[in-house]
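S.K.: Have a look; sequence and predicted model below, questions after that.
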Amino acid sequence: MAERMSGSERRAQVLAIAAEEFAEHGLHGASTEAIARRAGITQPYVFRMFGTKKALFLELVGTAFERVSDGMREAAGTRDGLDALSAMGAQYFDLLADRTWLLLQLQGFAACGDPEVKDAVRACFARMWDTTESGTELEPVTVKTFLAYGMLLNVGAAMDVEQVDQTWADGIRTRIQPGLFAHITAETNR
């Protein structure tokens with residue numbers, strides 16, 4: 001029998017379990033039955049809480065992106081320019097340590113064949129772009145390069161390159177230094 005929890009506690013429990021399930025198996029491979037079983041509730045109860053499997057997935061993917069955008073904004077604080085970008089980068093790097101949320105972000109990209117998912121992921125990525133651009137007041141080409149490096153770090157973290165003792169893995173896990181983006185401007189990108 002399921003333990004007694006408040007509605008908000010039960011929702012948080014299901015979200016935590018579902019985050020692991022979707023991170024590992026993606027939108028189409030994840031099982032709401034497995035989520036319900038682990039939570040000690042029925043599958044219909046999961047659907048009563050979230051509506052559909054896709055709605056649950058989208059909520060989690062949105063949260064994964066929000067954690068990054070919010071963390072970057074907080075890290076930048078009152079800084080601007082390259083100082084803000086450096087703080088955002090350090091925060092981003094630290095957030096990659098949580099594989100569940102990292103993989104949820106990547107599963108969101110992987111499920112973009114679904115138009116509803118694609119629209120939601122676009123909105124999440126737009127927020128990350130806006131957070132970077134408005135928090136640094138840097139040119140779009142600098143923002144683009146920063147986010148491109150971030151995607152490489154995502155892929156490296158997903159492949160768990162920390163466990164790989166090879167030159168290519170050393171290159172991926174090299175920490176980005178603050179001055180890296182100083183030369184990337186609209187002027188140098190002509």
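M.R.: Ah, there it is. Residues are numbered from 1 along each chain as shown.

S.K.: And for residue 170, the neighbour number?
M.R.: Applying other CB atoms under 10 Å, we find 11 residues neighbouring residue 170. Glycine gets a C-beta too; all of them are placed from N, C-alpha and C.

S.K.: How many neighbouring residues does residue 75 have?
M.R.: By other CB under 10 Å, the residues close to residue 75 number 19.

S.K.: ok, and the closest non-adjacent residue to it?
M.R.: Of all residues not flanking residue 75 in the chain, residue 91 sits nearest, at 3.6 Å (CB to CB, 6 or more residues apart in numbering).

S.K.: before we move on, what about residue 50?
M.R.: The spatially closest residue to residue 50, leaving aside those adjacent along the chain, is residue 56, at 4.0 Å (CB to CB, 6+ apart).

S.K.: Can you tell me the SS state at that neighbour?
M.R.: Put simply, residue 56 is helix when judged by DSSP: H, G, I helix; E, B strand; the rest coil.

S.K.: For it, list the residues it contacts.
M.R.: 18, 22, 32, 46, 50 (CB atoms under 8 Å, 6 or more residues apart in numbering).

S.K.: Please report the distance of the first one from residue 177.
M.R.: Remark: distance between residue 18 and residue 177 (CB to CB, to the nearest Å) = 37 Å.

S.K.: Check the fourth one too.
M.R.: Here the distance between residue 46 and residue 177 works out to 45 Å (CB to CB).

S.K.: I'd like the mean pLDDT over stretch 40-60, please.
M.R.: The average of the pLDDT scores along stretch 40-60 is 97.

S.K.: Can you give me the first-to-last residue distance of that stretch?
M.R.: End-to-end distance for stretch 40-60, by CA to CA, to the nearest Å: 20 Å.

S.K.: cool, stretch 152-170 as well?
M.R.: 13 Å.

S.K.: And that stretch, what's buried?
M.R.: Residues of stretch 152-170 classed as buried under the neighbour-count rule (16 or more other CB atoms under 10 Å) are 153-154, 156-157, 161, 169.

S.K.: same question, stretch 77-96
M.R.: 82, 84-89, 91-93, 95-96.
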